[in-house]
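Asker: Sequence first, then the predicted structure, then my questions.
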Amino acid sequence: MKVVAFNGSPRKNGNTNLLLQTVLGELEKNNVETKLIQLGNKPAQGCIACNGCFKNGDQKCVIKNDAMNDHIAEMIAADGIILGSPVYCANMSTNLKALIERASYVAKANNDLFKGKVGASAVAVRRAGASHVFSSINYFFLIAQMIVPASSYWNLGVGREPGEVSGDKEGMQTMVNLGKNMAELLKKLNK
């Protein structure tokens with residue numbers, strides 16, 4: 001079993017990374033192979049609605065000037081996908097939104113590539129907007145016909161400065177529980 005996680009934050013070692021690493025740590029304790037990909041601060045473009053992925057049917061986006069096709073390939077190869085984002089202006093980061101737009105379109109164009117995979121989110125927030133980001137990421141999982149595991153609270157952690165989220169005990173426990181629940185779900189699905 002393999003889970004790929006994407007950090008949508010431009011801060012490679014910020015709060016979003018800490019939340020993702022916590023979930024991935026629990027997955028690894030349960031013998032799930034994990035990979036973390038840094039999205040933030042790399043060039044990324046949203047979908048241009050050209051329908052090229054529908055015409056080509058090759059599991060790729062026609063835009064080739066960034067790493068999105070590599071990311072989509074990682075998503076296809078994985079049993080589970082975790083998307084992490086900080087909250088910017090009450091929304092997810094631009095790079096994560098670009099991945100969601102393009103991966104969603106490519107998946108639909110190729111017979112629902114992510115159907116039956118497990119999807120989870122991790123949201124780092126300073127103050128407000130986390131519920132919107134959490135919901136937006138989950139909308140992607142749901143329209144892709146993925147299975148979303150629950151945790152003990154919504155998958156968010158509160159903190160502003162890098163590392164500050166570690167002081168949010170409930171948020172960190174939510175990530176631990178998410179990792180455990182995701183591992184259990186993956187095991188049941190892969191029996």
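Answerer: It's in.
Asker: So K60 is in contact with I72, correct?
Answerer: Yes: here K60 reaches I72: they are 6.9 Å apart, a contact under CB atoms under 8 Å. In this view, the C-beta of every residue, glycine as well, is placed from N, C-alpha and C.
Asker: quick one: which of these two has more around it?
Answerer: I72 (24 against 19; other CB atoms under 10 Å).
Asker: So in the protein, which helix runs the longest?
Answerer: In the chain, taking DSSP state H as the definition, the longest helix is helix 169-189.
Asker: Who are the packing partners of that helix?
Answerer: Packed against helix 169-189, as judged by 3 or more CB pairs under 8 Å, 6 or more residues apart in numbering; DSSP states H and E, are the following elements: helix 15-29, strand 80-86, strand 118-125, strand 156-158.
Asker: got a list of what V123 touches?
Answerer: Listed by CB atoms under 8 Å, 6 or more residues apart in numbering, the contact set of V123 reads 16, 19, 84-87, 130, 133-134, 137, 154-157.
Asker: so what sits against both of K60 and I72?
Answerer: With CB under 8 Å, 6+ apart as the test, K60 and I72 both reach V106.
Asker: which of the contacts of V123 lies closest to K2?
Answerer: Of all the contacts of V123, K2 sits closest to G84, with 17.0 Å by CB to CB.
Asker: For beta bridges, what are the partners of that closest one?
Answerer: N7, A122 (DSSP bridges).
Asker: Spatially central residue in the protein, please.
Answerer: L83 (1.1 Å; CA atoms, centre = their mean).
Asker: list the contacts for it?
Answerer: Counted by CB under 8 Å, 6+ apart, L83 has contacts 5-6, 8, 96, 99-100, 119-122, 137, 140.
Asker: Quick check: it vs S166, distance?
Answerer: From L83 across to S166, the span is 21 Å (CB to CB, to the nearest Å).
Asker: The residue lying closest to G163 once chain neighbours are set aside: what's it in contact with?
Answerer: Nearest non-adjacent residue to G163, counting by CB to CB, 6 or more residues apart in numbering: L18, 6.5 Å away. Contacts for L18 (CB under 8 Å, 6+ apart) come out as 124, 157, 163, 165-166.
Asker: For my notes, please list the residues you listed in TSV and give pLDDT, distance to L186 and neighbour count for each entry.
Answerer: Listed next are those as TSV, based on pLDDT from 0 to 100; distance: CB to CB, whole Å; neighbours: other CB atoms under 10 Å:
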residue	pLDDT	distance to L186	neighbour count
A124	97	24	31
G157	97	22	27
G163	95	29	12
V165	97	25	27
S166	97	26	15
